[in-house]
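Novice: Sequence first, predicted coordinates after that:
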Amino acid sequence: MHRSVLSRGLVVSLLLSLALPVLAQQPAAQSPAKSQPRQGKQYTIQQFMDTLRIGGASFSPDEKQVAYSSNKSGVFNVYVEPAGGGEATQLTNLKDSTFVVSYFPRDTRLLYTHDQGGNENNHLYVLEKDGSERDLTPGDKLKARFLGWSGDRTAFYLGTNQRDPKFFDIFRVAADGYQSTLVYKDETGYELGAISKDGKWLALDKPNTTLDSDIFLYNTETHEMKHITQHAGVVSFSAQDFDPASKYLYFLTDQGSEFKYVARYQLAGGKVEPADKEDWDAMYTYFSQNGKYRVVAFNEDAQTHMKVYEYATGKPVPLPRLPEGQITSVRISPSERLMAFYFNGDRSPNDLYVYDFASRKVTKLTNSLNPEIDSADLVDSEVVRFQSFDGMVIPNVLYKPQGASAQHPVPALVWVHGGPGGQSRRGYSALQQFLVNHGYAVLAINNRGSSGYGKQFFAADDQKHGREPLWDTVAAKKYLQSQPWVDKEKIGILGGSYGGYMVLAALAFQPDAFKAGVDLFGISNWVRTLNSIPPYWESFRKALYQEVGDPGKQEQMLRDTSPLFHADKIRKPLMVLQGKNDPRVIKPESDEIVEAVKKNGVPVEYVVFDDEGHGFAKKKNEIEAYEKILKFLDQYLKGVPPAAAAAH
């Protein structure tokens with residue numbers, strides 16, 4: 001449930017994953033997506049879910065294979081495929097979603113991670129050369145994080161909270177024999193930003209508030225700690241990577257800027273200088289293994305803009321030219337000869353590619369979209385903006401169904417992302433495309449407080465949840481009503497995690513705004529949620545309280561903004577979906593709001609998955625959840641009779 005106050009270590013998430021240079025100069029609204037007269041074929045949820053979800057990439061030591069994660073088996077498991085293309089081979093066959101971490105540098109052993117039923121207590125495992133599995137971090141209720149390979153590739157680093165559930169100690173683990181050595185004992189609440197190639201330096205991030213954070217350098221030889229980001233005012237700093245020679249630390253900051261940019265700190269003299277700066281937020285930067293290349297990504301109006309530089313010359317490297325979409329998740333091979341990357345667009349899910357830097361040859365390894373689905377039947381999104389109740393310009397990602405027109409208006413949904421501080425981004429979403437394919441317009445809002453649009457916009461929701469950010473969603477409804485192809489009387493709201501909270505808040509605090517709401521594992525009671533956050537969120541507890549509220553000091557304010565205590569005002573149909581093992585938004589959050597709303601005599605549908613946590617990872621559960629969402633919307637938003645809605 002934390003904000004993106006740091007970088008790689010802290011991704012935007014609520015208990016759950018571009019900027020306008022001058023907002024006031026933006027027009028009140030842009031034109032909606034162009035009319036699409038084509039009437040596409042309609043597909044079942046089974047067909048949509050037979051599209052593969054894939055992620056991660058690691059080259060084998062000889063660079064002839066690439067390992068990645070796929071849900072082809074029904075849950076995520078690890079697969080391997082020839083780097084030159086060919087058939088994929090499944091390496092793991094586990095019941096819990098399993099994600100690839102890394103090949104070992106000198107042999108075919110493979111690191112991967114999984115939790116137990118969605119409880120987020122991930123352990124780190126090794127798939128040995130004989131195919132057996134070994135848990136490198138055994139124990140109950142502990143969480144382990146892979147932190148990277150040592151510069152000489154003879155060991156790797158990991159963090160675990162086994163000693164104290166609130167803090168992650170850092171260990172160096174030998175590649176041969178797995179002997180573990182303590183590198184840093186954390187008793188403060190830091191997040192690891194980077195480890196230098198020579199192993200001498202740890203860059204540790206310390207969140208102070210939502211927008212303010214610091215970097216500390218720890219010398220593993222002298223055990224000295226140095227604060228390198230002394231500053232006045234509110235400034236964000238987050239460590240990214242050390243250069244190959246361990247002379248510089250690269251980091252992100254918004255010091256003196258509305259947007260985050262890349263800078264570097266000279267370890268010897270303390271000199272700071274900018275390295276990459278644009279009128280969008282920098283997302284991350286890192287080096288290839290031997291430092292030939294440096295990768296940097298910018299968050300450019302809800303899409304990733306990826307850059308790769310030759311470090312020695314500073315020259316940009318030409319990247320593959322592919323159809324409209326975005327390159328993400330770049331992984332450069334140990335020899336620095338090849339680059340694995342993902343590419344996706346609105347109508348094309350993630351596919352894995354390999355790029356040869358010398359020949360510029362691009363090899364597509366996967367075809368994720370179910371061949372039964374014609375991508376021409378799906379829709380492209382468009383970034384649109386409108387002015388909210390107070391004139392603030394709100395960016396959104398709009399999906400218009402094929403065939404929608406003034407003569408054939410369609411129902412619509414305001415889609416609210418997680419967070420607080422997440423972002424609705426362009427790119428393929430099975431649920432969004434499924435709903436659009438079945439005749440629903442989707443406006444994925446980036447309400448105030450969303451990331452990617454500068455620090456003022458990011459901070460605009462602090463201590464205002466249930467009010468101004470919620471009022472943005474009502475303004476989003478009015479924007480939809482202004483489109484001639486939208487049915488003005490049939491607009492609902494849907495969201496997950498913090499977005500689920502926004503759904504409940506909309507129905508409780510703006511009870512006449514939306515015709516129906518779908519809440520996926522959303523917060524109903526801030527007081528309990530903030531008092532029950534996982535212990536391993538200790539490092540950013542203060543930032544979280546500054547963002548949402550302190551349950552010890554602001555209980556009444558949190559009760560005032562918690563839908564549970566105002567459930568008697570909910571009068572519109574509600575659907576709630578919840579994972580039983582969710583450690584972020586615990587099941588009682590959903591149990592109690594469902595029970596309270598049922599007393600109002602309004603329709604409430606409650607779906608619980610016993611083998612899921614925060615978000616649904618198993619394909620069978622996704623199929624059930626998304627199909628039930630469609631039936632609920634058909635009945636209560638479209639007004640389809642129950643028998644007809646059930647026939648979908």
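Specialist: Received, thanks.
Novice: count of neighbours near Pro138?
Specialist: Residues lying near Pro138 (other C-beta atoms under 10 Å) number 10. Where C-beta positions appear, they are placed from N, C-alpha and C, glycine not excepted.
Novice: Contact partners for it?
Specialist: If a contact means C-beta atoms under 8 Å, 6 or more residues apart in numbering, then Pro138 has His123 as its contacts.
Novice: how close does it get to Arg172?
Specialist: Taking C-beta to C-beta, to the nearest Å as the measure, Pro138 falls 18 Å from Arg172.
Novice: swap in Ala263?
Specialist: According to C-beta to C-beta, Ala263 stands 28 Å off from Arg172.
Novice: Same question for Tyr261.
Specialist: 32 Å.
Novice: ok, Lys166 to Ile533 distance?
Specialist: 11 Å.
Novice: And for stretch 376-383, what's in contact with it?
Specialist: By C-beta under 8 Å, 6+ apart, the residues outside stretch 376-383 that reach it are 30, 32-33, 36, 38, 40-41, 43, 301-302, 324, 345-347, 395-402, 426, 433, 436-437, 444.
Novice: Sort out which of these are in helices and list them.
Specialist: 433, 436-437 (DSSP state H).
Novice: Just give me the closest of those to Leu504.
Specialist: Proximity of those to Leu504 (C-beta to C-beta) peaks at Val436, which lies at 24.1 Å.
Novice: Do I have it right that Asp356 meets Leu338?
Specialist: Yes. At 6.0 Å, Asp356 counts as touching Leu338 under the criterion of C-beta atoms under 8 Å.
Novice: so Ala567 sits in a helix?
Specialist: Yes. Secondary structure assignment places Ala567 in a helix (DSSP: H, G, I helix; E, B strand; the rest coil).
Novice: Burial check on it, number of neighbours?
Specialist: Ala567: 22 neighbours (other C-beta under 10 Å).
Novice: For it, which non-adjacent residue is spatially closest?
Specialist: Ala596 (3.6 Å; C-beta to C-beta, 6 or more residues apart in numbering).
Novice: ok, that neighbour - how many residues close by?
Specialist: Applying other C-beta under 10 Å, we find 19 residues neighbouring Ala596.
Novice: Kindly report the same for Asp115.
Specialist: By the measure other C-beta under 10 Å, the count of residues near Asp115 is 19.
Novice: Quick one, grab the pLDDT at the spatially closest residue to it that is not a sequence neighbour.
Specialist: Excluding the flanking residues, the one nearest Asp115 by C-beta to C-beta, 6+ apart is Asn122, at 4.8 Å. Asn122 is assigned 96 on the pLDDT scale.
Novice: pretty sure Asn122 contacts Phe146?
Specialist: No. Using C-beta under 8 Å, Asn122 is not in contact with Phe146; the gap is 9.3 Å.
Novice: Tell me the residues that contact both of those two, please.
Specialist: Thr113.
Novice: just to revisit the earlier point, in terms of packing, which of Asp356 and Leu338 has more residues around it?
Specialist: Leu338 (20 against 15).
Novice: That one against Ala83, yeah?
Specialist: Yes. Using C-beta under 8 Å, Leu338 is in contact with Ala83, at 6.6 Å.
Novice: Give the residues shared as contacts by those two.
Specialist: Shared contacts of Leu338 and Ala83 (C-beta under 8 Å, 6+ apart): 59, 63, 354.
Novice: buried subset of these?
Specialist: 59, 354 (16 or more other C-beta atoms under 10 Å).
Novice: Go through the shared contacts of Leu338 and Ala83 and flag which are in strands.
Specialist: Among the shared contacts of Leu338 and Ala83, the ones falling in strands (DSSP state E) are 59, 354.
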